[in-house]
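J.: Predicted coordinates and the sequence they were generated for:
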Amino acid sequence: MSAALPAELAEFVANTPIPVTVALPGEHDRVLVAANREFCRLTGYDKSEILGRDCRFLQGAATAPESRDAMRRFFEGKPEQARVEVVNYGKDGRPFVNLVFLSKLRDLDGAVRLLFASQFDASHASASTAQAYDRVLSSRMAELQTLARAHKLGVETSLAMLAASTHAIAAAKLALAEIVARPS
C-alpha cells in the first residue's frame, strides 16, 4: 500500500529510526499508506494489520475526548501541525501515552496530499530519551522537507513544536498511572 508514496518518501519512512506513519487525507478516515518497523514495534501490530486502516484502531476506553478533538481539528483544517498526547493501546491491550506529532504535506495548489505522523511512547520515558527523540524528529523533518520539495510538496514544521516532548513526560506518567489504577 506504500505505492501511494513516491519511492523516495517510502524509503524515508522505512529508514526513519523513530515510529512514523503516513496517511492519505480523507473526510472520515485517514488511511495509512506507510508505517515503519518502529511503529510496528511500538504498537505490536504487523504492517499487514496497519496499512489500509485509520489509526483510530489504537484508541480505547481511556482515550480522552480532548485528544480526539485536537486530532480532529488538525485533520479538518488548522493547525498545519500538531502535537497531541493520546492514550493508545497496543495489540496486546496495554495502554500507553502516545505523544503524536502530526504534519501536513501540501501540493503547490495548497491541497493536503499526505499526513505525516511520528509517535513517541511518553509513558515511561526519561527526559533524555525525549530529548533524543526530539533531535531525531527534527533532523528527519528537515530531510522530509527536502524530499517533499523534490515532489512539489510543502511541509510545515516548527522547531518549537518539535522540541516539546520533555514537558509531556510527567503528565503522561500520571495519566498512565491513573489508567492502570482504575478498577476494571
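T.: Alright, I've got the coordinates.

J.: Residue 140 - that's part of a helix, no?
T.: Yes - using DSSP: H, G, I helix; E, B strand; the rest coil, the assignment for residue 140 is a helix.

J.: Tell me the confidence at it?
T.: Residue 140 is assigned 87 on the pLDDT scale.

J.: what's the distance between it and residue 62?
T.: Using C-beta to C-beta, to the nearest Å, residue 140 is found at 29 Å from residue 62. (Each C-beta comes from the backbone N, C-alpha and C, glycine too.)

J.: for this structure, what are the low-confidence residue spans?
T.: 1-3, 156-184 (pLDDT under 70).

J.: one more time with 50, if that's ok
T.: Low-confidence segments of the chain (pLDDT under 50): 1-3, 160-163.

J.: which residues of it fall in helices?
T.: Remark: helices assigned in the chain by DSSP state H are 7-15, 37-43, 47-50, 65-76, 127-150, 159-162, 166-181.

J.: Return the most buried member of those.
T.: Mean neighbours per residue, mean count of other C-beta atoms under 10 Å, is largest over the helices of the chain for helix 37-43, with a mean of 18.

J.: Give the other helices and strands that it contacts.
T.: strand 20-23, helix 47-50, strand 112-121 (3 or more C-beta pairs under 8 Å, 6 or more residues apart in numbering; DSSP states H and E).

J.: 7 Å - rerun?
T.: Contact partners of helix 37-43 among helices and strands, from 3 or more C-beta pairs under 7 Å, 6 or more residues apart in numbering; DSSP states H and E: strand 112-121.

J.: Would you give the sheet partners of the strand it packs on, along with the direction of each?
T.: strand 20-23 (antiparallel), strand 95-107 (antiparallel) (DSSP bridges).

J.: Run through who's touching the shortest one.
T.: When contacts are taken as C-beta atoms under 7 Å, 6 or more residues apart in numbering, the neighbours of strand 20-23 outside the stretch itself are 5, 13, 30-36, 39, 55, 114-118.
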